[in-house]
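**Q** sequence unknown, structure follows:
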């Protein structure tokens, strides 16, 4: 909606949502926003953030994207996600030290 209806474009929309996703973290750290509320706000913003950047890479240049196509973008992002999940599964970096 922000890219097409509001004519911001895909890259600008992605940058907008990247900035917006930082707001709940900032509000949590600086103003004591409830951690559950901060999580859900950030969680909801992940969808338009990812969609904006993946659309920017996939759509044709005539529509404001890079024109790489949905297949290559999906493959690259799938490999990145798989790699990050594998890393966390092996390294346990996401685990608290007292819960190992």
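**A** It's in. Every value quoted in this text rests on a predicted model; they were computed, and no experiment measured them. Numbering: from 1, shown residues only.
**Q** show me where pLDDT drops low in the protein?
**A** 99-100 (pLDDT under 70).
**Q** okay, domains of it per the record?
**A** Using automatic domain parsing, the domains assigned to the chain come out as 1-68, 69-100.
**Q** turn these into TSV, columns for mean neighbour count.
**A** Any C-beta I mention is one placed from the backbone N, CA and C, and that applies to glycine too. Listed next are the domains of the chain as TSV, based on neighbours: other Cβ atoms under 10 Å:
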stretch	mean neighbour count
domain 1-68	15
domain 69-100	10
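**Q** after the longest helix anywhere in the chain, which helix or strand is next? Please name it.
**A** In the chain, assigned by DSSP state H, the helix with the most residues is helix 35-58. On the C-terminal side of helix 35-58, the nearest following helix or strand under DSSP states H and E is helix 70-91.
**Q** same for that following helix, what does it pack against?
**A** When contacts are defined as 3 or more Cβ pairs under 8 Å, 6 or more residues apart in numbering; DSSP states H and E, helix 70-91 packs onto helix 35-58.
**Q** who touches the helix it packs on?
**A** For helix 35-58, the external contacting residues (Cβ atoms under 8 Å, 6 or more residues apart in numbering) are 2-3, 9-11, 13-14, 16-18, 20-21, 23-25, 27-28, 64-66, 68-70, 72-74, 77.
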